[in-house]
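Asker: quick one: sequence plus predicted model below, questions after.
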Amino acid sequence: KAGVTQTPRYLIKTRGQQVTLSCSPISGHRSVSWYQQTPGQGLQFLFEYFSETQRNKGNFPGRFSGRQFSNSRSEMNVSTLELGDSALYLCASSLRTAEGEQYFGPGTRLTVT
Amino acid sequence: GEDVEQSLFLSVREGDSSVINCTYTDSSSTYLYWYKQEPGAGLQLLTYIFSNMDMKQDQRLTVLLNKKDKHLSLRIADTQTGDSAIYFCAAFSGGYNKLIFGAGTRLAVHP
């Protein structure tokens, strides 16, 4: 069974631009969560989607948004990029809920210049 | 808010056992996890334990949970150089309905 895939793996953007990251969960998994990893703040929860609905949201500004499609694939969008948005963005999938086994993808490394 | 704490660094000799410790604050945590992260990679789920268990063993890995003290440990037997990585402890917070991670313990294995 294929694991969680994330595209692109690396991205360089300029301040003020916007970016969209994609995550394909493990087949059959319906819950997708997003995390931001930085050296200073560690791993921070962004949001969780299940059946195309956002079930939970972390403490991030409204510039961070996401969505989930009917096939459980998810995208997250960051608008008006800031230097501090440079991070590794990780997506995790689980069968039904965020509680339980969460499997992570390789991440998208976003650099904002 | 809820918190998970772990020591930042551990150095062991190849062949020895490694023990990584973690404490958490959320008494309603139902699942507790250990993840491994190698350089440039995502997080690999190593093992997890339900909060009503005291111990779980999986090949070279042993997880011990002291629910009263909210203390979790991961023991790696016969540690190899390939075990060098950052190990994250995480607790699922029932109140916040999300995973809360520790800062990670960097394990260095030397000959």
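Answerer: Perfect, I can see it now.

Asker: ok, B:Gln6 - how many residues close by?
Answerer: 21 (other C-beta atoms under 10 Å in any protein chain shown). Yep, even glycine has a C-beta here, placed from its N, CA and C like the rest.

Asker: which residues touch it?
Answerer: By C-beta atoms under 8 Å, 6 or more residues apart in numbering or on different chains, B:Gln6 lies in contact with B:20-23, B:87-89, B:102-105.

Asker: hmm, 10 Å instead?
Answerer: B:Gln6 makes contact with B:20-24, B:72-74, B:87-89, B:101-105, according to C-beta atoms under 10 Å, 6 or more residues apart in numbering or on different chains.

Asker: show me which of those neighbour chain A.
Answerer: Filtering the contacts of B:Gln6 for neighbours of chain A using C-beta under 10 Å from any C-beta of the partner chain leaves B:88, B:101-104.

Asker: run through the residues that contact B:Gln57.
Answerer: B:47, B:63-64, B:75, B:77.

Asker: low-confidence regions, chain B specifically.
Answerer: Of all residues in chain B, those with pLDDT under 70 make up the ranges B:1.

Asker: need the residues of it near chain A, please.
Answerer: B:1, B:4, B:29-31, B:33, B:35, B:37, B:40-45, B:48, B:88, B:90, B:92-94, B:96-104.

Asker: now the buried members of these.
Answerer: B:4, B:29, B:31, B:33, B:35, B:37, B:42-43, B:48, B:88, B:90, B:92-94, B:98-104 (16 or more other C-beta atoms under 10 Å in any protein chain shown).

Asker: restricted to strands, list these.
Answerer: Taking DSSP state E as the definition of strands, those contribute B:4, B:31, B:33, B:35, B:37, B:43, B:48, B:88, B:90, B:92-93, B:98-101.

Asker: surely A:Gln102 is in contact with B:Phe88?
Answerer: No - assessed by C-beta atoms under 10 Å, A:Gln102 is found out of contact with B:Phe88, at 11.8 Å.

Asker: so what sits against both of these two?
Answerer: By C-beta under 10 Å, 6+ apart, A:Gln102 and B:Phe88 have these common neighbours: B:33, B:35, B:43, B:99.

Asker: element containing residue 106?
Answerer: I'll assume chain A. Element membership for A:Pro106, per DSSP states H and E: none, as it lies in no helix or strand.

Asker: actually, chain B is the one I wanted.
Answerer: Assigned by DSSP H and E, B:Arg106 belongs to strand B:105-110.

Asker: run the angle between that strand and strand B:31-37 for me.
Answerer: Between strand B:105-110 and strand B:31-37, the angle comes out at 50 degrees (axes from the mean of the first three to the mean of the last three C-alpha atoms, to 10 degrees).

Asker: so what touches strand B:105-110?
Answerer: Surrounding strand B:105-110, the residues in contact under the criterion C-beta under 10 Å, 6+ apart are B:6-16, B:18, B:20-22, B:34, B:36-37, B:74, B:76, B:79-89.

Asker: quick check: chain neighbours aside, which residue is closest to A:Thr7?
Answerer: Nearest residue to A:Thr7 in three dimensions, chain neighbours excluded: A:Ser22, at 4.9 Å (C-beta to C-beta, 6 or more residues apart in numbering or on different chains).

Asker: just the CA trace of the helix or strand where that neighbour lies, in PDB.
Answerer: A:Ser22 belongs to strand A:19-24 when assigned by DSSP H and E. Presented in PDB, the C-alpha positions along strand A:19-24 are these (Å, rounded to 0.1, in the frame of the first residue of the first chain):
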ATOM      1  CA  VAL A  19       1.500  28.900  -2.200                       C
ATOM      2  CA  THR A  20      -0.600  25.700  -2.500                       C
ATOM      3  CA  LEU A  21       0.700  22.400  -1.100                       C
ATOM      4  CA  SER A  22      -0.900  19.000  -1.900                       C
ATOM      5  CA  CYS A  23      -1.300  15.800   0.100                       C
ATOM      6  CA  SER A  24      -2.600  12.400  -1.000                       C
END
